[in-house]
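In: Fold the following.
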Amino acid sequence: GIEEDFIKCLAPTYLGDFALKGRDLRLIGMNRIGNLLVPNSNYCKFDDFMNPILDAMLEEQKTQGVVWTPSKMIHRLGKEIDNPESVYYW
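Out: Residues are numbered from 1 along each chain as shown. Down below sits the predicted model:
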């Protein structure tokens, strides 16, 4: 999904295997998205990336009347990620 694309742009993910057990991975601080392995710390970086953007978007909604449709949100996040490796990069 969208968040996985941003997570891979913010910090390294690693090639794993679809058969790896999520429970075993979580015990060592990893998560599995399909065959990609994502350290827990990547989710913290994602939160740090997203929270200020969401705060700004809420403020724009309140003060400017912006209506945030899914496509507008994706466009905004693609601008904010500013990483050509993202499929949402503009």
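In: need the helices for this protein, in chain order.
Out: For the chain, the helices defined by DSSP state H cover 2-10, 22-27, 40-64, 70-81.
In: Show me which positions of the last one end up buried.
Out: Neighbour counts using 16 or more other C-beta atoms under 10 Å place 76-78, 80-81 of helix 70-81 among the buried residues. Yep, even glycine has a C-beta here, placed from its N, CA and C like the rest.
In: Between the residues you listed, which sits nearest Thr13?
Out: Each of these was scored against Thr13 by C-beta to C-beta, and Ile81 proved nearest at 14.9 Å.
In: quick one on the thing from earlier: what would the buried residues of helix 70-81 look like in a markdown table with pLDDT and distance to Leu15?
Out: Putting these into a markdown table (pLDDT from 0 to 100; distance: C-beta to C-beta, whole Å) gives the following:
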| residue | pLDDT | distance to Leu15 |
| --- | --- | --- |
| Arg76 | 95 | 30 |
| Leu77 | 95 | 25 |
| Gly78 | 93 | 25 |
| Glu80 | 95 | 27 |
| Ile81 | 94 | 22 |
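In: Export these to TSV and append columns for distance to Lys62.
Out: Formatted as TSV, the buried residues of helix 70-81 follow (distance: C-beta to C-beta, whole Å):
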residue	distance to Lys62
Arg76	16
Leu77	19
Gly78	23
Glu80	19
Ile81	24
